[in-house]
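Participant: Make a model of this:
(chains A and B)
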Number of protein chains: 2
Amino acid sequence: MTPFKLTDELLVDIRQLIADKNNVTLRSMMKEFHYADVAEIADELNVEEATYLIKLLDSEKTSDILAEMDEDMRESVLNNLSAAEIAGELEELDTDDAADIVSELPKEIVQDVIAKIEDREHAKDIVDLLRYDEDTAGGLMAKELVKVNENWNVLTCVKEMRSQAENVTRVHSIYVVDDEDKLKGRLSLKDLLTTSTTTHIKDVYIPKVDSVNVNEKGEEVAKIMSKYDLEAIPVVDEIGRLVGRITIDDIVDVIREEADKDYQLAAGISQDVEADDSIWELTRARLPWLILGLFGGLGAAAIMDGFEEMIAKHAILFFFTPLIAAMAGNVGVQSSAIIVQGLANDDLKGSIGNRLVKEMLLALLNGVILAILLMIATWLWKGNFNTALAISLSLVAVIVVAGIIGTFIPLFLNQRGIDPAIATGPFITTSNDIFGILIYFFIAKSILGI
Amino acid sequence: MTPFKLTDELLVDIRQLIADKNNVTLRSMMKEFHYADVAEIADELNVEEATYLIKLLDSEKTSDILAEMDEDMRESVLNNLSAAEIAGELEELDTDDAADIVSELPKEIVQDVIAKIEDREHAKDIVDLLRYDEDTAGGLMAKELVKVNENWNVLTCVKEMRSQAENVTRVHSIYVVDDEDKLKGRLSLKDLLTTSTTTHIKDVYIPKVDSVNVNEKGEEVAKIMSKYDLEAIPVVDEIGRLVGRITIDDIVDVIREEADKDYQLAAGISQDVEADDSIWELTRARLPWLILGLFGGLGAAAIMDGFEEMIAKHAILFFFTPLIAAMAGNVGVQSSAIIVQGLANDDLKGSIGNRLVKEMLLALLNGVILAILLMIATWLWKGNFNTALAISLSLVAVIVVAGIIGTFIPLFLNQRGIDPAIATGPFITTSNDIFGILIYFFIAKSILGI
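Facilitator: Residues are numbered from 1 along each chain as shown, chains lettered A, B, ... in the order given. I've put the predicted structure just below:
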């Protein structure tokens, strides 16, 4: 397989074909591409071109293209479609993708679009899904699944399954429910085929089945599915009724998004943005953290102002403030990142006290090594042993405190139910800058005795 | 489903049962747990206890437990098992998991272990997999798959499939090969069941099938599978022969590891470490970046030393160096993170030149807003308009340069085939600290005219 690669030439060709309204060539060209690739192409066109392309192709394919497209572009294209056209697209999609699209539509047209979906059962399922928060199991699940009643016999079951399976792209499991629709277990296809047709389902099903509650967080569902290597998991409501199914491909997206979010927070970007977003959107995501940094810097300046009397005799102390701030920041980010990752992967065992003691020892070890290097460098450079000693000893103290703060803050936030990932990046660097410089001048002052 | 939660009490109970050699209770207790949960328990025991547990249970379950366990713990436990016992575990595992375990064994026992695997076909498959780099499709794939020859008729095909499927946990697709074992396409189960038994496979198979080359990078395979929502993908060798199959659960692990690695690099941690690793391992992962930061700080100190003559009249300039360094660092990390993420997700379009212009405008916008805030704060604080102006104007310049460096370096590294993720974190902060302070003093000096 040669993977699809969207080149500039290809894009120019496609734009020309659209400008020429060369529908025959366009249709046959797009037929060769996977819908995910057409979505990639559409994302690079302007709204009019993308709309033209979507209107040109069959809704069987365009529904999948729309589902894969970039959210902003999809919204713009849908704005150019009539309620009936949108309904036609939704008709072709699985309920989870359809619900995602409906939730992005302007409020005033939603009712109209839903009313125009011909398959009323499908429309009902989509509406059902709309009430769940997108970050929960309910927001991730689809209504498409294969379920059988425990009181049926194998013959009825096979007949029912056949009709249900038509709407389900991939059958991972056959779920067994009771008369009240409560999830009882699952059925293996093999058992079903090797059992007499008059046997009742309740005598052959496997009563052990993993499931998640409809209100479970998406992140938690991802952990469960990847820990237990599940390709699909049934979703039950508060009283145990089977309401949907989540498949692993949706979970892959959750994992990616979660990782992207943590990464951005660590880098000081507070909203989900991409390199191709507008300057305004990028500014809104980045500026708040920079303003935080600005106030941190003003705090550091105020501290140094308070130690101004030392500048005459020990100007060199002031030359090392960026070094002290950088080390405090780096150590803080390192320790917090390890904790945040440990929390995310659920492999942090033991008490907070033990963590802090370990981080203190670790910071002490690193601090002493770094202090020796700094001591030698400064002594060679300035030839003043006392100053070199004062700076180096302060560095050890600063690093230990920075490590403890970096370990403590994410653990504390997590205990309070706040996402610990916000503790990484600028938040920790800024607070450590200030603490670091304060500690540094205090220790230096007491050693140099001014 | 109440998710399994390993509590301290449970762990104490299990340890007591092991100490008491209460095998009956232990066995029945472990029977209730999923193997992934037992692996979680084993990771928290000491090596002797974990070995005891593994030796106690059936190899059908322990093989899966071993495959899920933490690498370090697994190695220690395997050290306590005989070659025959290890072979027994490998016998039960899929070839990909078995090969992963074999690759961790001490060289001197590998041959002995392989020789003791009874199923010679299975042993051969494991040995085959050993020669692939773990980060490639070959390193990820398993040998277990269902394949049929295009020249068979449906009857032969169904018979062959039945015996092959016994070794395959989950059949995602039936792959069709020619007499030379070259991948030709796939077969739908439905078509197979609805076609006359004498029909030849070559007349019914679907010739379109996605596949990856055995040398393809794991990261690339992950992109393809998640883009096209594939649950399994066949792997072919250089001349197109079907050699294995990768399933989505392995890809989920690749995605997680990749995200963890990028996150750690951004935080200045250079090896794959966890919070529970030893202080020594953590130091090796963290210290190099801190030493880099140390040299950066020394560089900054040297620059300030060069501007020492300004200290008498404009001490305040020196108070703002941590602020300047912090802003340069933060902006650099923000811009590089967005680029690294764009590259990782393959959604960076357009030329480097355009990116740089955009980042420059963005940095200018942010810089001006921040400079105005800083200007007001400094002016109110010190009442000196010229100094406030000099500091604020320098800040704008520093931010613009930091943004450009943060954008350029990852793009440059990527073009050179180097992982751009190393450009985030301490690398970019340190270089931006130095550049920032240099620019700051130059501009301040020329404005204040000293």
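
Participant: which residues does the spatially closest residue to residue A:424 that is not a sequence neighbour contact?
Facilitator: Sequence neighbours aside, residue A:266 is the residue nearest to residue A:424 in space, at 4.2 Å (criterion: Cβ to Cβ, 6 or more residues apart in numbering or on different chains). Where C-beta positions appear, they are placed from N, C-alpha and C, glycine not excepted. By Cβ atoms under 8 Å, 6 or more residues apart in numbering or on different chains, residue A:266 lies in contact with A:333, A:337, A:340, A:421, A:424-425, B:263, B:266-267, B:337.

Participant: Mind checking which of these are in helices?
Facilitator: The members of the contacts of residue A:266 that map onto helices under DSSP state H are A:333, A:337, A:340, B:263, B:266, B:337.

Participant: hey, which helix or strand in chain A has the poorest pLDDT?
Facilitator: Every helix and strand of chain A was ranked by mean pLDDT, DSSP states H and E. The lowest is helix A:189-194, at a mean of 70.

Participant: what's the burial count for the closest residue to chain B within the stretch 151-300 of chain A?
Facilitator: Here the stretch 151-300 of chain A gets closest to chain B at one residue, residue A:297, 2.4 Å apart by Cβ to the nearest Cβ. Neighbourhood size, residue A:297 [other Cβ atoms under 10 Å in any protein chain shown]: 28.

Participant: so it touches residue A:434, yeah?
Facilitator: No. With contacts counted by Cβ atoms under 8 Å, residue A:297 stays clear of residue A:434, the gap being 9.0 Å.

Participant: What is the lowest-pLDDT residue among the ones in helices among the contacts of residue A:266?
Facilitator: Across the ones in helices among the contacts of residue A:266, the smallest pLDDT goes to residue B:266, namely 84.

Participant: now that residue: how far from residue B:253?
Facilitator: Residue B:266 sits 21 Å away from residue B:253, taking Cβ to Cβ, to the nearest Å as the criterion.

Participant: Now do the strands in the stretch 101-250 of chain A.
Facilitator: Ranges of strands in the stretch 101-250 of chain A, per DSSP state E, counting those that start in this stretch, are A:146-149, A:174-177, A:183-187, A:212-213, A:232-236, A:242-247.

Participant: Any idea how many residues pack against the closest residue to residue A:250 other than its chain neighbours?
Facilitator: Nearest residue to residue A:250 in three dimensions, chain neighbours excluded: residue A:140, at 5.2 Å (Cβ to Cβ, 6+ apart). For residue A:140, the number of neighbouring residues by other Cβ under 10 Å comes to 28.

Participant: can you pull the buried residues of stretch A:172-182?
Facilitator: By 16 or more other Cβ atoms under 10 Å in any protein chain shown, the buried positions in stretch A:172-182 come out as A:172-177.

Participant: what does stretch A:23-40 give?
Facilitator: Within stretch A:23-40, the residues scored as buried using 16+ other Cβ under 10 Å are A:26, A:29-30, A:33-40.

Participant: Pick out whichever of those sits closest to chain B.
Facilitator: residue A:36 (5.1 Å).

Participant: per-residue confidence at residue A:171?
Facilitator: 69.

Participant: nearest spatial neighbour of residue A:173, skipping sequence neighbours?
Facilitator: Of all residues not flanking residue A:173 in the chain, residue A:186 sits nearest, at 4.9 Å (Cβ to Cβ, 6+ apart).

Participant: which residues does that neighbour contact?
Facilitator: Residue A:186 makes contact with A:173-176, A:205-206, A:209, according to Cβ under 8 Å, 6+ apart.

Participant: That one bridge partners, please.
Facilitator: Taking DSSP bridges as the rule, residue A:186 bridges to residue A:175, residue A:206.

Participant: how close does it sit to residue A:97?
Facilitator: 24 Å.

Participant: contacts for stretch A:338-355?
Facilitator: A:223, A:258, A:262, A:266, A:406-408, A:410-411, A:414, A:420-421, A:423-424, B:6, B:44, B:256, B:260, B:263-264, B:267, B:269, B:273-276, B:282.

Participant: Which positions in the stretch 351-450 of chain A make contact with chain B?
Facilitator: Proximity of the stretch 351-450 of chain A to chain B (Cβ under 8 Å from any Cβ of the partner chain) is limited to residues A:355, A:358, A:361-362, A:365-366, A:369-370, A:373-374, A:377, A:424-426, A:429-430, A:433, A:437.

Participant: now those: which count as buried?
Facilitator: A:355, A:358, A:362, A:365-366, A:369-370, A:373-374, A:377, A:424-426, A:429-430, A:433, A:437.

Participant: quick one: low-confidence ranges for the stretch 51-200 of chain A?
Facilitator: A:165-171, A:190, A:193 (pLDDT under 70).

Participant: got it, and the stretch 251-400 of chain A?
Facilitator: Applying pLDDT under 70 to the stretch 251-400 of chain A picks out residues A:350.

Participant: Sketch out the helices for it, chain order is fine.
Facilitator: Assigned helices in the stretch 251-400 of chain A, in chain order: A:279-306, A:315-319, A:321-344, A:352-382, A:385-415 (criterion: DSSP state H, counting those that start in this stretch).

Participant: does chain B sit close to the shortest one?
Facilitator: What that stands for is helix A:315-319. Yes. For helix A:315-319 and chain B, the contact criterion (Cβ under 8 Å from any Cβ) is met by A:315-316, A:318-319.

Participant: Could you list every helix and strand in contact with that helix?
Facilitator: Helices and strands touching helix A:315-319, by 3 or more Cβ pairs under 8 Å, 6 or more residues apart in numbering or on different chains; DSSP states H and E, are helix A:385-415, helix A:426-448, helix B:279-306, helix B:315-319.

Participant: how about 7 Å then?
Facilitator: Packing partners of helix A:315-319 (3 or more Cβ pairs under 7 Å, 6 or more residues apart in numbering or on different chains; DSSP states H and E): helix B:279-306.

Participant: buried stuff in the helix it packs on?
Facilitator: Residues B:282-283, B:285-287, B:289-290, B:292-294, B:296-301, B:303-304 are the ones in helix B:279-306 that count as buried (16+ other Cβ under 10 Å).

Participant: same question, stretch A:234-251
Facilitator: By 16+ other Cβ under 10 Å, the buried positions in stretch A:234-251 come out as A:234-237, A:240, A:242-251.

Participant: One more: stretch A:343-356?
Facilitator: By 16+ other Cβ under 10 Å, the buried positions in stretch A:343-356 come out as A:343-344, A:348-349, A:355-356.

Participant: mind saving the C-alpha coords of it as PDB?
Facilitator: C-alpha atoms of stretch A:343-356 as PDB (Å, rounded to 0.1, in the frame of the first residue of the first chain):
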ATOM      1  CA  LEU A 343      -1.500   9.800  37.500                       C
ATOM      2  CA  ALA A 344      -2.700   9.600  33.900                       C
ATOM      3  CA  ASN A 345      -1.500   6.000  33.500                       C
ATOM      4  CA  ASP A 346      -2.800   5.000  37.000                       C
ATOM      5  CA  ASP A 347       0.600   3.600  38.000                       C
ATOM      6  CA  LEU A 348       1.300   5.800  41.000                       C
ATOM      7  CA  LYS A 349       1.200   3.700  44.200                       C
ATOM      8  CA  GLY A 350       2.100   4.600  47.800                       C
ATOM      9  CA  SER A 351       1.600   7.700  49.900                       C
ATOM     10  CA  ILE A 352       2.300  11.400  49.100                       C
ATOM     11  CA  GLY A 353       4.800  11.500  51.900                       C
ATOM     12  CA  ASN A 354       6.900   8.800  50.300                       C
ATOM     13  CA  ARG A 355       6.800  10.500  46.900                       C
ATOM     14  CA  LEU A 356       8.000  13.800  48.500                       C
END
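
Participant: Just give me how far it sits from the chain centre.
Facilitator: Its chain's C-alpha centre and that of stretch A:343-356 lie 22 Å apart, by Cα atoms, centre = their mean, to the nearest Å.

Participant: now stretch A:111-125
Facilitator: Using Cα atoms, centre = their mean, the offset of stretch A:111-125 from its chain centre is 30 Å.
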